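**Q** Got a predicted model here, sequence first, then my questions.
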Amino acid sequence: MAINLTINGQAVAAEAGDTILTAARRAGVYIPTLCYHSDLMPDGVCRVCSVEVKGQRTLCAACCYPVAEGMEVLTHSPRVRESRRMIVELMLANHPQECLTCSRNSKCELQALAREFGIQEVHFKGERKMADVDTSSLSVFRNPEKCILCNRCVRTCEDIQSVAALHASKRGWDTTIVPGMGDELASVVCVNCGQCINRCPTGALTANDPSSKVWDAIHDSTKHVVVQTAPAVRAAIGEEFGMPAGSRVTGKMVTALKMMGFDRVMDTDFTADLTIMEEGSELIQRVTEGGVLPQLTSCSPGWIKFIEYYYPELLPHLSTCKSPQQMFGALAKTYYAEKTGIDPKDIISVSIMPCTAKKFECDRPEMTDSGYKDVDYVLTTREAAQMMREAGIDLPNLPESEYDDPLGMSTGAAVIFGNTGGVMEAALRTAYAIITGTELDNVNIEAVRGMEGVREATVMVGELPVKAAVAHGLANARQVLEGIKNGRFKDYHFIEIMCCPGGCIGGGGQPQPTSEEIRKARIKAIYDEDEAMTLRKSHTNPAVQKLYEEFLGKPLSHKSHELLHTDYTPRDRKTVKAVKVKVES
Amino acid sequence: MCSESCGCSSDIVGIIEKYDSDKRNLIPLLHELQDELGYISPEVMETIAEKLGTTVGQVHGVATFYTLFYTKPRGKNIVRMCNSTACHIEGGRKIREAVSAALGIAPGETTQDGGFTLEVVSCMGLCGVAPAIMVNDDVYGNLTPEMVPNILGKYREAS
């Protein structure tokens, strides 16, 4: 039933259950927000969205106040404007005035509000909360001084990822968002996904940025610096240069990286194709030889850390394939080094990823199968864009160029790795060919596409019904894992899990802000990229075929196992390792 | 035992189960555990979270939100000093300074020997005898700074 209200005197029809904010937005009326985020349940803690509701003594938070028949709302009355201004001024009074040197400068939501409200002076002078920056994590840095207690990170970690690494501790002036029980982030259960960074309105949460080391390597003439770019980066990095979400900039990005001085610009998509060869063969082997099923994908390092923490008993379900990033790293310092005659000790291997968990993954002790650290530095999409800006590169207006050989060629099946459902679809395209001996007519497998948190499909591969499921976001992954434990997925063959909402295109290293609309636009860009490719099945990639001929032999060969496969580490969830409880006498 | 790695003899799990391992009972549960243990240690919080099927963050958030829950060991004696209007007008600050000086600790801290914990609280309802302090359950009112060392001395000797 429609509910009729007025907002600023204008008649608005809303639905039962709408908040004032939802009704206003639908009617095209703007209300500023800060702690509100379209991906999260409203919390109503910041009060920036306060509005005047006739008959109510106090102002109401539009983000969580439900509409009612006959309600009269004022969104910008003098009382509302004064109140909002006061709220933001109070936040600014407790905020380091370091905007010029903050990594969120000009992309900060607090800064934007201060500007919107015309705040030119902070009238409150007094004590400011001081705290140290927590740089313990390989992926996520926390600066509590810049935290405005909006709880977005808390809600993200708990509701989207079901990890709950962060929460509010203490109260009032002393309130702080802390990991675990006030510990360092590195010592608590955190999967390094960086989703908290994507939703942080200020510079309180940032990624561990290695760009100065990457510049040093580029400028060191004794080093040969190779770079790989993940599938999802090409569909998002344009946003950092003001382009609309979903802009495809693959060729321009390659040009930019060459201009920056990388010696070889190659593609993670190449090893995504290789992953399909290895992981598809592993699946077929498990099905035909009675291995542990369903097989779970292993490309997403946040997801890997999650299962290591929460479901170590299900680790045998995980594919032993390394992620495409790490396969690339292992090949760069072996195959590529051999082919080019460059000593692997002089190769610096950099990757550009939509992901902050990749920064953790490349540091895992087992990721040194080349005899060196397989991937030296991981840059997020944001950090790569920042380096481009530093180099004076105007990405949108660059000409396009091609990836370098021999690890640069890829198929459409590889680029869709960036989307939720993409690894599944790519695997099915190749599995179909291997199992039936014929090629799929229509390679678009719509059944595994979409935005539902958990999707299930039975795909006919010739005569064989392959039962598949796809999950993205770790709260959804948790549901699937519980399903595996209680037998609901016992006749399933293959399950794809990606840590972040929407898959890698929604990764924690992607441009801010994030929303479902932005993620959908990137997903579409990735599918368009796939459609535009001549080759769209991993097994048809001639460079991958050549790699097998020249170097690896065949999928699951001894050498493949040595370089491209890995094992996993059950992790202890307990934060407190050896503290004894003292009983007071 | 509160956990496998812990040597204490308290039946923490038993207490949690007494509250039906229901997270809605977190606050009374924390009270009882604190009565038993003196404070809520990180390890106990972890055990509670596990048994209640909630996150450590939830437990820690609640335990640190309320001032009557202690997450660090407390001293044998708790000295509470008032920070409200009546005591303030009657010279409460000087009393607080005298207590701090006598014990050598700031509010919120515990003496090295574990003898005293010092707390600043809101009104204790002793405005009629302001400025006032409480030591454990004993009330001392109409104080002057000179009286403070003697009062604390009694507890020091007793412990």
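**A** Good, I have the coordinates.
**Q** got the contact list for stretch A:241-260?
**A** A:218, A:227, A:229, A:233-239, A:265, A:352, A:384-385, A:387-388, A:391, A:393-396, A:398-403, A:517-518, A:521-522, A:524-525, A:528-529 (C-beta atoms under 8 Å, 6 or more residues apart in numbering or on different chains). All C-beta spots, glycine's among them, are computed from the backbone N, C-alpha and C.
**Q** In that stretch, which residues are buried?
**A** A:241, A:243, A:245-250, A:252-258, A:260 (16 or more other C-beta atoms under 10 Å in any protein chain shown).
**Q** Which ones among those lie within strands?
**A** The members of these all map outside strands under DSSP state E.
**Q** which among the residues you listed gets closest to chain B?
**A** A:Ala245 (32.3 Å; C-beta to the nearest C-beta).
**Q** which regions of the stretch 451-585 of chain A lie under the pLDDT threshold?
**A** Across the stretch 451-585 of chain A, the ranges flagged by pLDDT under 70 are A:575-585.
**Q** name the element the spatially closest residue to A:Ile445 that is not a sequence neighbour belongs to?
**A** Counting by C-beta to C-beta, 6 or more residues apart in numbering or on different chains, A:Glu425 is the residue found nearest to A:Ile445 once chain neighbours are left out, at 4.7 Å. If you go by DSSP states H and E, A:Glu425 is part of helix A:422-436.
**Q** and that helix, how far from the chain's centre?
**A** Distance of helix A:422-436 from the chain centroid (C-alpha atoms, centre = their mean, to the nearest Å) equals 25 Å.
**Q** what's that helix packed up against?
**A** helix A:268-289, helix A:412-415, strand A:454-461, strand A:464-472, strand A:494-498 (3 or more C-beta pairs under 8 Å, 6 or more residues apart in numbering or on different chains; DSSP states H and E).
**Q** And that helix, what's buried?
**A** A:422-433, A:435.
**Q** what's the answer for stretch A:169-187, then?
**A** A:Ser169, A:Lys170, A:Thr175, A:Ile177, A:Val178, A:Pro179, A:Gly180, A:Met181, A:Asp183, A:Glu184, A:Leu185, A:Ala186.
**Q** can you redo those as a markdown table with pLDDT and secondary structure?
**A** Formatted as a markdown table, the buried residues of stretch A:169-187 follow (pLDDT from 0 to 100; DSSP: H, G, I helix; E, B strand; the rest coil):
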| residue | pLDDT | secondary structure |
| --- | --- | --- |
| A:Ser169 | 96 | strand |
| A:Lys170 | 94 | coil |
| A:Thr175 | 95 | coil |
| A:Ile177 | 97 | strand |
| A:Val178 | 97 | strand |
| A:Pro179 | 96 | strand |
| A:Gly180 | 92 | coil |
| A:Met181 | 92 | coil |
| A:Asp183 | 92 | coil |
| A:Glu184 | 95 | coil |
| A:Leu185 | 96 | helix |
| A:Ala186 | 95 | helix |
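**Q** Export the residues you listed to CSV and append columns for distance to A:Gly70.
**A** Listed next are the buried residues of stretch A:169-187 as CSV, based on distance: C-beta to C-beta, whole Å:
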residue, distance to A:Gly70
A:Ser169, 42
A:Lys170, 42
A:Thr175, 37
A:Ile177, 39
A:Val178, 44
A:Pro179, 46
A:Gly180, 48
A:Met181, 48
A:Asp183, 51
A:Glu184, 53
A:Leu185, 49
A:Ala186, 54
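**Q** got the buried residues for stretch A:31-47?
**A** A:31-37, A:39-40, A:42-47.
**Q** ok, now stretch A:292-300?
**A** Result for stretch A:292-300 [16+ other C-beta under 10 Å]: buried residues A:Leu293, A:Pro294, A:Gln295, A:Leu296, A:Thr297, A:Ser298, A:Cys299, A:Ser300.
**Q** Now do the helices in chain B.
**A** Here chain B has its helices, by DSSP state H, at B:12-18, B:26-37, B:42-52, B:56-65, B:85-89, B:92-103, B:148-158.
**Q** Turn those helices into TSV, columns for mean pLDDT.
**A** Listed next are the helices of chain B as TSV, based on pLDDT from 0 to 100:
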stretch	mean pLDDT
helix B:12-18	91
helix B:26-37	93
helix B:42-52	93
helix B:56-65	95
helix B:85-89	93
helix B:92-103	95
helix B:148-158	90
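**Q** and of the ones you listed, who's closest to chain A?
**A** Closest among these, using C-beta to the nearest C-beta: helix B:56-65, at 3.1 Å.
**Q** And the contacts of the closest one?
**A** Counting by C-beta under 8 Å, 6+ apart, A:154, A:158, A:164-171, A:178, A:180-182, A:575, B:23, B:26-27, B:30, B:40, B:42, B:45-46, B:48-49, B:52, B:69, B:71 sit against helix B:56-65.
**Q** repeat for stretch A:83-102
**A** A:32, A:46-48, A:50, A:59, A:105, A:108, A:110-111, A:113-114, A:117-119, A:122-126, A:128-129, A:145-146, A:148, A:202-203.
**Q** Which parts of chain B belong to which domain?
**A** Split into domains by automatic domain parsing, chain B comes to B:12-65, B:77-158.
**Q** okay, the ones you listed, which one's buried deepest?
**A** Ranked by mean neighbour count under mean count of other C-beta atoms under 10 Å in any protein chain shown, those are led by domain B:12-65, which reaches a mean of 19.
**Q** Quick one: end-to-end length of stretch A:174-182, please.
**A** 13 Å (C-alpha to C-alpha, to the nearest Å).
**Q** how far out from the middle of the chain is it?
**A** 24 Å.
**Q** so where do the helices sit in the stretch 251-400 of chain A?
**A** For the stretch 251-400 of chain A, helices defined by DSSP state H, counting those that start in this stretch occupy the ranges A:268-289, A:301-310, A:324-331, A:337-340, A:357-361, A:381-390.
**Q** any idea what sits nearest A:Lys395, other than its immediate chain neighbours?
**A** Not Lys; residue A:395 is Leu. A:Phe241 is the one closest to A:Leu395 (C-beta to C-beta, 6+ apart), at 4.6 Å.
**Q** For A:Gly126, which non-adjacent residue is spatially closest?
**A** That would be A:Ala93: by C-beta to C-beta, 6+ apart, it lies 6.8 Å from A:Gly126.
**Q** sorry, back to before: let me have the buried residues of stretch A:292-300 in TSV, adding distance to A:Asp363 as columns.
**A** Shown next, in TSV, are the buried residues of stretch A:292-300 (distance: C-beta to C-beta, whole Å):
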residue	distance to A:Asp363
A:Leu293	31
A:Pro294	29
A:Gln295	26
A:Leu296	23
A:Thr297	21
A:Ser298	17
A:Cys299	17
A:Ser300	16
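**Q** Just name the closest of the residues you listed to A:Asn208, please.
**A** A:Ser300 (18.5 Å; C-beta to C-beta).
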